[in-house]
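J.: What follows is a predicted protein model with its sequence.
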Amino acid sequence: MGDARPSSNSVWQQAWDSAQPTLSSIRDSLGSTTSPNSRIVRVGQLDSELLDQELVHLLCEPLQKALSLVNTALKARFDPELALLIQLTLYKFSIWNLGASYGARLQGLRYIIPDGSSAPVSSAGLPRRTLFIHGTLTILVPYFYNRLRAHALSRSWPDTPSNDKRRIAWQTLTRLEATYSILSLLNFTAFLWNGRYRSLIDRLLKMSLVPTTSQVKREVSYEFMNRQMVWHAFTEFLLFLLPLIDARFIQRRIARFMSRLTLPGILPYSFNDTNQSPSRKRGKYEALRIDQCAICAENASYTLNLGYSADALSSLTSAKEGVSQPAADDEVPAFPIHTPYTTSCGHVYCYHCITERMMRTADEGLESGWECLRCAESVRSADRLEAEDPLREHSDTMSDYEFSSDFDTTDMSGSASSHTGSLSE
């Protein structure tokens with residue numbers, strides 16, 4: 001038994017010694033292998049560029065509006081310079097100081113440049129010379145190009161003779177633009193293949209965007225997309241629903257309800273007038289002068305049009321308060337009656353006002369007619385005001401103003417009377 005135990009230990013020792021060369025080779029192979037490259041996110045690089053453009057637009061918009069308030073011509077003239085100033089400021093505080101633009105930082109990216117020179121570096125650890133060339137090519141060159149192109153178009157360089165220097169300069173500028181577009185397309189194709197250089201300038205300067213962390217985790221937030229989809233669906237629903245809603249009908253209902261809440265509607269008669277019968281109805285504009293249209297006055301009170309004169313507003317206020325003011329001899333009515341028509345209750349309104357009320361009543365299907373604004377009685381019909389009407393006989397006691405009517409030459413009674421039948425049916 002004593003001899004068997006030492007023999008087993010020697011077997012394990014021999015196996016361990018024989019496995020040492022294999023284990024050493026495995027350790028050497030693991031030490032020589034490099035860590036796997038981080039995942040290349042092409043969408044993040046493209047999104048960072050879009051975010052940078054939106055940031056410049058958001059900063060330029062309020063400054064442009066403020067400049068347009070000062071002088072519109074000044075805004076149109078210095079609009080490119082304003083965008084240039086904002087872009088240079090953002091470049092200084094983002095790429096120059098931090099090594100990445102604000103859009104790239106939101107996507108978790110930063111710029112790297114292969115180490116190959118001992119040139120001075122910025123606070124972000126990137127060579128200043130490379131950053132200066134990058135900023136010049138991405139900001140200053142496009143600005144000067146746009147300025148030169150706008151100047152050439154304003155001076156009609158394309159329309160000059162073919163041997164003119166300006167025409168040759170314009171053709172050269174066009175060829176350079178076409179060449180740059182072709183090279184940008186080829187670079188974008190290569191970017192989609194390997195995801196290294198987003199733009200042609202980045203490829204020339206060997207500046208690539210890499211993730212700030214070794215483990216890239218693509219987190220897609222659908223919050224903004226969901227918000228846009230909900231708002232789009234809500235907009236389509238409103239576009240479908242709003243044509244089906246009669247806005248004027250709702251407005252009239254609200255106006256009628258509000259008119260009942262006024263003092264004349266709550267208190268149909270005055271407590272101070274003991275001789276007046278409580279059962280007598282009083283219209284909303286009973287105190288309005290007889291040579292003025294109560295419907296016109298009501299429409300003016302709803303629209304709150306400030307274009308009415310002071311006399312019109314004072315007349316409207318006095319009518320609502322129930323104060324009847326005598327008409328002066330040379331005073332023009334604030335709401336004159338055009339083409340006067342007499343209702344079934346004996347009050348006079350404009351033809352188009354009565355027609356509009358009757359058409360509204362017919363559309364709403366009210367069999368009782370519409371309520372007179374002077375006596376609160378139901379109006380079911382209307383006729384043209386005849387020349388021998390008592391209102392015309394006593395016009396010298398009321399006012400020298402003549403109604404602006406063409407009832408001697410115009411026959412318009414058929415239109416207003418046509419709605420009488422629809423109400424009486």
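T.: All right, it came through fine.

J.: Helices along the stretch 201-350 of the chain, start to end?
T.: 223-241, 247-260, 263-266, 294-303, 310-321 (DSSP state H, counting those that start in this stretch).

J.: Go through those and find the least confident stretch.
T.: If you rank those by mean pLDDT, helix 310-321 sits at the bottom with a mean of 47.

J.: low-confidence ranges in this structure?
T.: Along the chain, the parts satisfying pLDDT under 70 run over 1-8, 31-40, 115-118, 214-222, 224, 259-281, 302-332, 367, 387-425.

J.: In it, mark out all the strands, start to finish.
T.: Residue ranges of the strands in the chain, as given by DSSP state E, are 109-112, 208-211, 340-343, 348-350, 370-371, 378-379, 382-384.

J.: May I see these arranged in a markdown table, with distance to G44 and mean neighbour count as well?
T.: Just so you know, the C-beta spots here come from the backbone N, C-alpha and C atoms, and that holds for glycine as well. Converted to a markdown table, these look like this (distance: least, Cβ to Cβ, whole Å; neighbours: other Cβ atoms under 10 Å):
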| stretch | distance to G44 | mean neighbour count |
| --- | --- | --- |
| strand 109-112 | 6 | 20 |
| strand 208-211 | 8 | 20 |
| strand 340-343 | 74 | 23 |
| strand 348-350 | 69 | 24 |
| strand 370-371 | 67 | 20 |
| strand 378-379 | 72 | 20 |
| strand 382-384 | 74 | 19 |
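
J.: Quick one: the ones you listed as JSON lines, columns for distance to D291 too.
T.: Supplementary listing: the strands of the chain in JSON lines, determined by distance: least, Cβ to Cβ, whole Å:
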{"stretch": "strand 109-112", "distance to D291": "79"}
{"stretch": "strand 208-211", "distance to D291": "81"}
{"stretch": "strand 340-343", "distance to D291": "9"}
{"stretch": "strand 348-350", "distance to D291": "8"}
{"stretch": "strand 370-371", "distance to D291": "21"}
{"stretch": "strand 378-379", "distance to D291": "19"}
{"stretch": "strand 382-384", "distance to D291": "17"}
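
J.: and of those, who's closest to L30?
T.: In this view, the strands of the chain are compared for proximity to L30 by Cβ to Cβ, and strand 208-211 is the closest at 24.7 Å.

J.: hey, C-alpha coordinates of that closest one in PDB?
T.: Below are the C-alpha coordinates for strand 208-211, written out as PDB (Å, rounded to 0.1, in the frame of the first residue of the first chain):
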ATOM      1  CA  SER A 208     -12.700  59.400 -37.700                       C
ATOM      2  CA  LEU A 209     -15.500  59.300 -35.200                       C
ATOM      3  CA  VAL A 210     -15.200  56.400 -32.600                       C
ATOM      4  CA  PRO A 211     -17.300  55.600 -29.600                       C
END
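
J.: elements contacting that strand?
T.: Contacts defined by 3 or more Cβ pairs under 8 Å, 6 or more residues apart in numbering; DSSP states H and E place strand 208-211 against strand 109-112.

J.: In the sheet, which strands lie alongside the strand it packs on, parallel or antiparallel?
T.: The strands that strand 109-112 pairs with in its sheet are strand 208-211 (antiparallel) (by DSSP bridges).

J.: which residues sit against the partner strand?
T.: The contact list for strand 208-211 (Cβ atoms under 8 Å, 6 or more residues apart in numbering) reads 38-39, 41, 45, 48, 100, 104, 108-112, 196-198, 202.

J.: how about 7 Å then?
T.: Defining contact as Cβ atoms under 7 Å, 6 or more residues apart in numbering, one finds that strand 208-211 is touched by 38, 41, 45, 104, 108-112, 196-198, 202.

J.: Also stretch 97-107?
T.: Surrounding stretch 97-107, the residues in contact under the criterion Cβ under 7 Å, 6+ apart are 44, 47-49, 51-52, 55, 90, 94-95, 109-111, 123-126, 209.

J.: Generate a PyMOL selection restricted to the buried subset of the residues you listed.
T.: The PyMOL command for the buried members of the contacts of stretch 97-107 (criterion: 16 or more other Cβ atoms under 10 Å) is given here:
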select buried, resi 44+47+48+49+51+52+55+90+94+95+109+110+111+124+126+209
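
J.: Quick check: helices, which of the contacts of stretch 97-107 are part of them?
T.: Mapping the contacts of stretch 97-107 onto helices (DSSP state H) picks out G44, D47, S48, E49, L51, D52, L55, L90.

J.: what's the closest of those to N9?
T.: G44 (59.7 Å).

J.: For that closest one, give its distance to E54.
T.: As defined by Cβ to Cβ, to the nearest Å, G44 lies at a distance of 15 Å from E54.

J.: got it, and V11?
T.: Distance of V11 to E54, given as Cβ to Cβ: 73 Å.

J.: swap in A334?
T.: 55 Å.

J.: of these two, who's got more company?
T.: Neighbour tally, A334 and E54, criterion other Cβ atoms under 10 Å: the higher count belongs to A334, 22 against 11.

J.: quick one, phi/psi of the more buried one?
T.: Comment: the main-chain dihedrals of A334 come out as phi -70, psi -40, following degrees, to the nearest 10.

J.: ok, it touching D291?
T.: No. Counting by Cβ atoms under 7 Å, no contact exists between A334 and D291, whose distance comes to 10.1 Å.

J.: Throw the ones in helices among the contacts of stretch 97-107 into TSV and include distance to Q228, thanks.
T.: Putting the ones in helices among the contacts of stretch 97-107 into TSV (distance: Cβ to Cβ, whole Å) gives the following:
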residue	distance to Q228
G44	20
D47	16
S48	20
E49	20
L51	16
D52	21
L55	19
L90	26
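
J.: so which of those comes closest to F191?
T.: Of those, the one sitting nearest to F191 (Cβ to Cβ) turns out to be E49, at 11.3 Å.
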